[in-house]
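Asker: Fold the following for me, if possible:
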Amino acid sequence: MSVLSLKPRPEDVDALMREIGRRARAAARRMAVVPGPAKDEALREAARSLRDAGAAILEANAADMAEARAKSLPAATLDRLALNPARIEAIAQALESVAGLPDPVGRTLATYERPNGLTIERVATPLGVVGVIFESRPNVTADAGALCLKAGNAAILRAGSESLRSATAIAEAMIAGLTRSGLPADAIQLVPTRDRAAVGAMLTGLDGAIDVIVPRGGKGLVARVQDEARVPVFAHLEGICHVFVHEGADLAMARSVVRNSKLRRTGVCGAAETLLVDRACAATHLAPLVTDLLDAGCAVRGDAAARAVDPRVTPATEEDWRTEYLDAIISVRVVDGLDAAIDHIEGYGSHHTDSILTEDEAAAGRFLAEVDSAIVVHNASTQFADGGEFGFGAEIGIATGRMHARGPVGVEQLTTFKYRVRGTGQIRP
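Answerer: Residues are numbered from 1 along each chain as shown. As a prediction, this is how the structure comes out:
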């Protein structure tokens with residue numbers, strides 16, 4: 001019986017979640033040994049099932065949208081929640097894209113022989129059970145489920161209350177495709193309750209069933225997960241991303257990259273929130289960069305030098321340097337060279353994505369080496385902070401921690417490794 005069919009009473013949430021965990025652990029053991037071609041065929045079958053279920057998914061989404069509008073949820077939330085035939089097709093194509101990736105499981109990461117004749121291999125293996133807690137984007141159901149499955153894991157997915165109907169319809173379609181291909185239905189389980197106690201239960205690890213948690217949502221959700229989780233977390237709290245225009249920057253390139261970094265999509269975690277301009281080129285570069293942003297409808301909050309170039313620039317406060325706007329707002333500061341830029345990023349940044357624009361290879365090399373962010377960029381937009389752009393097919397999130405996964409978390413990052421040791425009868429003296 002699929003867990004989606006369970007109808008828990010509030011007092012049964014803890015028992016429900018433990019049962020979900022038990023089933024996920026059992027499914028993970030099976031998934032760990034499923035051959036790559038079988039996983040790929042199951043993902044393609046899931047994509048076909050999604051397309052076939054398009055009408056049912058849209059009907060579920062219409063109910064979610066109606067409730068969201070009745071609650072007067074923000075326009076940005078409504079946009080993330082909304083599905084249409086084109087978005088459903090994009091979800092199906094994403095599943096097929098993940099199916100086309102190389103199998104990350106079983107890769108030999110290293111092989112060496114010891115003087116005593118022992119041969120040691122380090123081999124990629126699945127993580128096990130991945131818990132994903134997300135908010136309004138129903139497509140995360142498919143993306144996260146597909147990535148976990150491709151890496152040989154089982155997934156426990158907890159959708160936001162506003163997207164539960166849509167996420168359930170997507171999950172049911174995917175599970176139908178998996179089971180037709182012979183994979184366990186419990187490889188992807190969607191938590192079938194809006195009760196927030198389900199999140200707390202997942203953060204405990206469900207008696208050891210969950211190996212890692214991935215939160216996808218706003219700062220409040222991520223902060224709670226990072227504070228309360230008793231299992232490892234792949235996440236970033238904020239995307240306070242910087243673009244540093246070094247004295248060696250080409251102005252035309254800088255104007256293009258700065259605009260794209262800030263304004264291509266202002267609500268994504270890779271959007272630039274602070275522009276730093278080298279004092280050595282401020283006389284030629286600062287005014288065009290600031291004017292471009294203002295003319296494009298971006299509010300600029302700047303230091304004294306930035307305010308001097310255009311009266312539309314408002315004063316930046318200390319808090320602005322620490323703010324992830326996720327909007328058409330940027331803070332601008334003039335800094336005294338590369339060292340000051342690196343110091344600013346270290347002091348105010350979130351270790352997500354930071355870019356330097358310069359034709360000076362030595363300066364770029366120092367920036368890439370010394371800026372301690374998950375993604376560091378030379379002469380390109382910060383908005384390339386995306387698993388798809390990295391060639392990962394998709395991502396389950398971006399992690400800024402220093403353990404295991406860092407940057408976009410794709411199928412390879414959803415594996416760990418073990419050592420295989422082969423001998424011929426050796427004993428240790």
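Asker: just checking, Ile345 touches Val376?
Answerer: No. With contact defined as CB atoms under 8 Å, Ile345 does not count as touching Val376 (9.6 Å). From N, CA and C alone the C-beta is placed, and that goes for glycine too.
Asker: Show the contacting residues for His285.
Answerer: The contact partners of His285, by CB atoms under 8 Å, 6 or more residues apart in numbering, come to 245, 249, 251, 254, 277-278.
Asker: switch the cut-off to 7 Å
Answerer: Shown in contact with His285 (CB atoms under 7 Å, 6 or more residues apart in numbering): 245, 249, 251, 254, 277.
Asker: TSV for the residues you listed, including pLDDT and distance to Ala24?
Answerer: Shown next, in TSV, are the contacts of His285 (pLDDT from 0 to 100; distance: CB to CB, whole Å):
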residue	pLDDT	distance to Ala24
Val245	98	48
Ala249	98	50
Leu251	98	54
Ala254	98	48
Val277	98	50
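Asker: joint contacts of Ile345 and Val376?
Answerer: Asp354.
Asker: more crowded one of these two?
Answerer: When neighbours are counted by other CB atoms under 10 Å, Ile345 and Val376 differ, and Ile345 comes out ahead with 26 against 18.
Asker: pLDDT weak spots in the protein?
Answerer: Scanning the chain for pLDDT under 70 picks out 1-11.
Asker: Quickly list what Pro126 is bridged to.
Answerer: Thr415 (DSSP bridges).
Asker: wait, it sits on Arg30?
Answerer: No. In this structure, Pro126 is not within contact of Arg30 by CB atoms under 7 Å, at 10.8 Å.
Asker: roughly how far is stretch 67-78 from the heart of the chain?
Answerer: Distance, stretch centre to chain centre, for stretch 67-78: 23 Å (CA atoms, centre = their mean, to the nearest Å).
Asker: who's in contact with that stretch?
Answerer: 65, 81, 136, 162, 267.
Asker: Could I get the full set of helices for the stretch 51-200 of the chain?
Answerer: Ranges of helices within the stretch 51-200 of the chain are 54-70, 75-81, 85-99, 139-150, 164-180, 197-203, based on DSSP state H, counting those that start in this stretch.
Asker: Mean neighbour count, the ones you listed: which tops it?
Answerer: Among the helices of the stretch 51-200 of the chain, ranked by average contacts under mean count of other CB atoms under 10 Å, first place goes to helix 139-150 (a mean of 28).
Asker: could you say what helices and strands that helix packs with?
Answerer: Applying 3 or more CB pairs under 7 Å, 6 or more residues apart in numbering; DSSP states H and E, one finds that helix 139-150 contacts helix 36-52, helix 85-99, strand 129-134, strand 154-158, helix 164-180, strand 188-190.
Asker: Can you tell me which of these is nearest to Val332?
Answerer: Val332 lies closest to strand 129-134 among those, at 33.1 Å (CB to CB).
Asker: quick check: domain ranges of the protein?
Answerer: Domains of the chain are assigned by automatic domain parsing as 3-236+406-420, 241-386.
Asker: Save those domains as CSV, and put in distance to Ala399 too.
Answerer: Output for those, formatted as CSV (distance: least, CB to CB, whole Å):
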stretch, distance to Ala399
domain 3-236+406-420, 4
domain 241-386, 7
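Asker: Looking at these, which is nearest to Gly393?
Answerer: That would be domain 3-236+406-420 among those, by CB to CB, at 4.7 Å.
Asker: Just give me how far the closest one sits from the chain centre.
Answerer: Remark: domain 3-236+406-420 is offset 12 Å from the chain centroid, using CA atoms, centre = their mean.
Asker: Buried ones from the contacts of His285, can you make that a PyMOL selection?
Answerer: To isolate the buried ones among the contacts of His285 in PyMOL, judged by 16 or more other CB atoms under 10 Å, type:
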select buried, resi 245+249+254+277
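Asker: For the contacts of His285, give me a markdown table that also has secondary structure and distance to Ile396.
Answerer: Below are the contacts of His285 laid out as a markdown table (DSSP: H, G, I helix; E, B strand; the rest coil; distance: CB to CB, whole Å):
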| residue | secondary structure | distance to Ile396 |
| --- | --- | --- |
| Val245 | strand | 33 |
| Ala249 | coil | 34 |
| Leu251 | helix | 38 |
| Ala254 | helix | 33 |
| Val277 | strand | 35 |
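Asker: For the contacts of His285, give me JSON lines that also has distance to Ala15.
Answerer: Putting these into JSON lines (distance: CB to CB, whole Å) gives the following:
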{"residue": "Val245", "distance to Ala15": "57"}
{"residue": "Ala249", "distance to Ala15": "60"}
{"residue": "Leu251", "distance to Ala15": "63"}
{"residue": "Ala254", "distance to Ala15": "58"}
{"residue": "Val277", "distance to Ala15": "58"}
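Asker: Just flag the most distant two among the contacts of His285.
Answerer: Largest separation among the contacts of His285 by CB to CB: Leu251 and Val277, giving 11.1 Å.
Asker: Could you provide the helices of the stretch 51-200 of the chain in CSV, with additional columns for distance to Arg114?
Answerer: Output for those, formatted as CSV (distance: least, CB to CB, whole Å):
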stretch, distance to Arg114
helix 54-70, 55
helix 75-81, 53
helix 85-99, 38
helix 139-150, 34
helix 164-180, 42
helix 197-203, 42
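Asker: what about these, which gets the closest to Asn260?
Answerer: Of all these, helix 75-81 comes closest under CB to CB, at 20.1 Å.
Asker: Let me see the contact set for the nearest residue to Tyr112 once chain neighbours are set aside.
Answerer: Closest residue to Tyr112 apart from its sequence neighbours, by CB to CB, 6 or more residues apart in numbering: Ile120 at 5.7 Å. Counting by CB under 7 Å, 6+ apart, Ile120 touches 112, 114, 419, 421.
Asker: Quick one: the helices in the stretch 301-429 of the chain, in order.
Answerer: 304-309, 337-348, 361-370.
Asker: The second one: how far from the chain's middle?
Answerer: Read that as helix 337-348. The answer for helix 337-348 is 26 Å, by CA atoms, centre = their mean.
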